[in-house]
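# predicted model and sequence follow; I will ask about them next.
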Amino acid sequence: MNANSSFSSQGGPALASACAPRGLLGHDTPVFLVGMMGAGKTTIGRGLARVLCRDFLDLDHELEARCGVRVPTIFEIEGEAGFRRRESAALLYCAQRRNIVMATGGGAVLAPENRAALKAHGIVIYLRASVDELFRRTARDRNRPLLATADPRGTLRALLTAREPLYQEVADITVETGSMPVNTVVKAIVPLLQSCEKQT
């Protein structure tokens with residue numbers, strides 16, 4: 001499959017109900033989900049991991065487990081720069097695990113070393129959504145330090161503008177999530193992964 005193969009319509013084959021020895025993909029190359037906050041990385045990642053019979057990791061949760069505090073607290077104490085340093089360390093460690101689906105933080109692609117690790121260690125899926133959809137999903141979420149502004153929609157727009165080229169840079173597969181149900185997105189991703197020739 002070419003880099004940045006994409007899917008934007010509904011559909012996909014029926015998924016196997018039982019796991020083969022190496023799952024539906026036939027290999028244990030990690031699968032990484034990137035995209036903006038609110039793109040559905042955690043929810044879709046959990047569903048995808050279930051279908052692929054893999055462990056699911058959420059990078060923010062792994063970071064919180066390491067630090068013993070929530071992400072907003074890390075931001076408050078150490079600022080974004082401190083958070084990004086800890087995020088990079090956690091990502092570089094987790095990315096070396098096999099047979100996982102991992103949801104990264106929205107800003108994980110900002111560091112060149114993170115982008116290099118994602119590309120080197122696994123198959124990267126960019127979950128893409130519009131600013132309006134992202135705002136709808138995050139409007140009531142108080143666990144988003146970067147959106148604690150007077151204009152969260154404008155902040156999302158600026159962040160997406162800055163980060164979109166980085167998401168596209170690392171992506172092997174791009175999926176437009178839109179307003180599709182999670183199960184539909186997961187079913188769409190599986191054949192894209194099965195036809196992706198990249199393995200590490």
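Structure received.

# could you find the closest non-adjacent residue to the residue nearest in space to the middle of the chain?
Relative to the mean C-alpha position of the chain, the nearest C-alpha, by CA atoms, centre = their mean, is the one of Leu33, at 2.5 Å. Distances taken as CB to CB, 6 or more residues apart in numbering place Lys41 nearest to Leu33, at 4.3 Å, with adjacent residues excluded. Yep, even glycine has a C-beta here, placed from its N, CA and C like the rest.

# then Val31?
Using CB to CB, 6+ apart and skipping residues adjacent in sequence, the residue nearest Val31 is Val101, 4.7 Å away.

# averaged pLDDT, the longest strand anywhere in the chain. What do you get?
When secondary structure is assigned using DSSP state E, the longest strand within the chain turns out to be strand 123-128. If you average the pLDDT over strand 123-128, you get 97.

# buried sites along the helix or strand following that strand?
Following strand 123-128 in sequence order, the next helix or strand is helix 131-138 (DSSP states H and E). Residues of helix 131-138 classed as buried by neighbour count (16 or more other CB atoms under 10 Å): Val131, Glu133, Leu134, Phe135, Arg137, Thr138.

# stretch 29-37 too?
Neighbour-count burial for stretch 29-37 [16+ other CB under 10 Å]: Thr29, Pro30, Val31, Phe32, Leu33, Val34, Gly35, Met36, Met37.

# and it, average pLDDT?
Taken as a whole, stretch 29-37 has a mean pLDDT of 96.

# tell me where the longest helix sits in this protein.
If you go by DSSP state H, the chain has its longest helix at helix 71-94.

# packing partners for the host helix or strand of Arg50?
Under DSSP H and E, the secondary-structure element containing Arg50 is helix 41-52. Helices and strands touching helix 41-52, by 3 or more CB pairs under 8 Å, 6 or more residues apart in numbering; DSSP states H and E, are strand 31-34, strand 55-58, strand 100-103, helix 182-195.

# compare these and give me the one nearest Gly82.
The closest approach between Gly82 and any of these, judged by CB to CB, belongs to strand 55-58 at 19.8 Å.

# give the next helix or strand downstream of that closest one.
Toward the C-terminal end, the helix or strand that comes next after strand 55-58 (DSSP H and E) is helix 59-67.

# that following helix to helix 71-94, inter-axis angle?
For the pair helix 59-67 and helix 71-94, the angle between their directions (axes from the mean of the first three to the mean of the last three CA atoms, to 10 degrees) equals 100 degrees.
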